[in-house]
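*Asks:* Fold the stuff below for me.
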Amino acid sequence: MKLRYSPTSPFVRKIAVALIETGLDRSVERVPTNPMKKEDVQSSPNPLGKVPCLETDDGMVLYDSPVILEYLDGLHAGPKLIPPSGKARWDALRRQALGDGILENLVLCFVESLRKPERQSQGWIAHNRAGVSRALDGLETEADGLTGTPDVGKITVGIALDFVDMHWPESNWRANHPRLAAWFAAWKERPAMTATILKDPRRAA
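*Replies:* Numbering: from 1, shown residues only. Presented below is the predicted three-dimensional model:
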């Protein structure tokens, strides 16, 4: 299999963490891809030119991290990252959506910050950060449910919290979310997390 990736993408990191957690890490060839480069976009099998994009051994092309994660989860014999049924399944998928939403909001804030200061919309940044704050409040209320076996929800939430630290450090989110902070302190030390730390796009070559 081939995975088109960028070292600054939190959505790629979801796939990288899942590959390690499931023991599939060595079965995937990495293809560096810059979604901002015309030649990389034109050569990508993903018509959107985005990452992650997975080319399977049987010729399928899969994109969007939830789709890729579900495909990979069918390739290993260990505990599933997407529970097969019941409340555990819907909790994992819902938390994945919530974590993805945090990431999407912060990416929008980052893109806005690249504009000249006089052209930035502080209202737009505040709007998206408010969504992140509400998501963190919701996660605090269910932090006890994040313990236990890794799943797609916990993976995504953990990556999202790391992304908050990178792109909104002044939020000081731990002060008002002690249970979530305690869970994250342990989660971020998992080998799959320490092996996949993102490059800051403001400093990446």
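
*Asks:* measure the residue sitting furthest away from the middle of the chain to residue 200 for me?
*Replies:* What lies farthest from the middle of the chain is residue 118; by Cα atoms, centre = their mean that is 30.6 Å. Noted for residue 118: a distance of 24 Å to residue 200, by Cβ to Cβ, to the nearest Å. In short, each C-beta sits where N, CA and C put it, glycine included.

*Asks:* And residue 127, how far from residue 191?
*Replies:* On the measure of Cβ to Cβ, residue 127 and residue 191 end up 37 Å apart.

*Asks:* Comparing these two, which residue is more hemmed in?
*Replies:* residue 127 (13 against 10; other Cβ atoms under 10 Å).

*Asks:* continuing past the helix or strand containing the more buried one, what's the next helix or strand?
*Replies:* Assigned by DSSP states H and E, residue 127 belongs to helix 122-141. Once helix 122-141 ends, the next helix or strand along the chain (criterion: DSSP H and E) is helix 152-167.

*Asks:* What is the burial count for the nearest residue to residue 187 once chain neighbours are set aside?
*Replies:* Taking Cβ to Cβ, 6 or more residues apart in numbering, and ignoring the residues beside it in sequence, residue 187 has residue 158 as its nearest neighbour in space, at 4.7 Å. Counted by other Cβ under 10 Å, the residues lying close to residue 158 total 24.

*Asks:* Identify the residues contacting residue 158.
*Replies:* 17, 99, 184, 187-188, 190, 193 (Cβ atoms under 8 Å, 6 or more residues apart in numbering).

*Asks:* how about the helix or strand containing residue 94: buried residues?
*Replies:* For residue 94, the host element (DSSP H and E) is helix 86-113. The neighbour-count check on helix 86-113 (16 or more other Cβ atoms under 10 Å) flags 88-89, 91-93, 95-96, 98-110 as buried.

*Asks:* How far off centre is it?
*Replies:* Taking the mean of its C-alpha atoms, helix 86-113 sits 8 Å from the chain's own mean (Cα atoms, centre = their mean, to the nearest Å).

*Asks:* just checking, next helix/strand downstream of the helix or strand bottoming out on mean pLDDT in the chain?
*Replies:* Across the helices and strands of the chain, mean pLDDT, DSSP states H and E gives its lowest value to helix 38-43, namely a mean of 92. Once the chain leaves helix 38-43, the next helix or strand it forms, by DSSP H and E, is strand 53-55.
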